[in-house]
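[1] Kindly generate the corresponding structure for this input.
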Amino acid sequence: MRAGEQLPPLRIPITRTLVVAGAIASRDYQDVHHDAEAARAKGSPDIFMNILTTNGLVGRYITDHFGPDAELRKVAIRLGAPNHPGDEMVLTGTVASVDGDEAVIEVKGANRLGNHVTGRVTVRLPHDAPQEARS
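    Below is the predicted model:
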């Protein structure tokens with residue numbers, strides 16, 4: 001793992017089920033995450049993904065790359081363009097810095113409207129992690 005290393009992109013289809021299930025799983029019962037009519041009444045073209053679902057997808061992206069034993073030490077994200085059903089979010093990442101067994105990854109998740117999420121994730125690899133995860 002080296003500063004500047006690019007992580008492979010992860011494409012995530014944004015389905016109505018993903019948006020609603022993510023909201024329910026995170027106990028976010030705001031109507032804009034499950035009721036299309038309510039979302040439209042509040043100015044959105046459809047329901048949209050909540051930040052906790054996005055946070056989970058960012059974490060998945062990192063652990064899919066570095067392995068299930070990678071420890072997410074800090075996840076700091078900011079939302080931008082909403083994710084609506086029918087969108088595709090493409091997560092990309094770049095290793096910003098490495099200090100021993102910890103790395104900071106700059107992450108972006110973009111859809112047709114622009115950046116849905118931007119942020120930084122600090123990850124620690126266990127000392128016994130496979131070499132391919134470390135290089």
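
[2] Could I get the full set of strands for this structure?
    6-13, 71-79, 88-99, 102-111, 114-124 (DSSP state E).

[3] Give me the buried stretch members for the second one, please.
    Residues Leu72, Val75, Ile77, Leu79 are the ones in strand 71-79 that count as buried (16 or more other Cβ atoms under 10 Å). For every residue, glycine as well, the C-beta is placed using N, CA and C.

[4] Need these in CSV (columns: pLDDT and distance to Pro13).
    Below are these laid out as CSV (pLDDT from 0 to 100; distance: Cβ to Cβ, whole Å):
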residue, pLDDT, distance to Pro13
Leu72, 97, 24
Val75, 97, 22
Ile77, 98, 20
Leu79, 97, 19
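
[5] residues in contact with the closest residue to Ile12 other than its chain neighbours?
    Nearest residue to Ile12, sequence neighbours excluded (Cβ to Cβ, 6 or more residues apart in numbering): Met89, at 4.8 Å. Contacts for Met89 were tallied using Cβ atoms under 8 Å, 6 or more residues apart in numbering; they are Arg11, Ile12, Ile14, Leu57, Asn83, Gly109, Ala110, Asn111, His116, Val117.

[6] One more pass at 10 Å, please.
    10-14, 18, 49, 54, 57, 81, 83, 108-112, 115-117 (Cβ atoms under 10 Å, 6 or more residues apart in numbering).

[7] how close does it sit to Asn115?
    Noted for Met89: a distance of 10 Å to Asn115, by Cβ to Cβ, to the nearest Å.

[8] Overlap of the contact sets of those two?
    Common neighbours of Met89 and Asn115 (Cβ under 10 Å, 6+ apart) are Ala81, Lys108, Gly109.

[9] Identify, from these, the entry nearest to Gly67.
    Among the shared contacts of Met89 and Asn115, Gly109 lies closest to Gly67 (Cβ to Cβ), at 20.7 Å.

[10] contacting residues around the nearest residue to the closest one once chain neighbours are set aside?
    Among residues not flanking Gly109 along the chain, Val117 sits closest, at 4.1 Å (Cβ to Cβ, 6+ apart). Val117 makes contact with 49, 51, 54-55, 57-58, 77-81, 83, 89, 91, 107-111, according to Cβ under 10 Å, 6+ apart.
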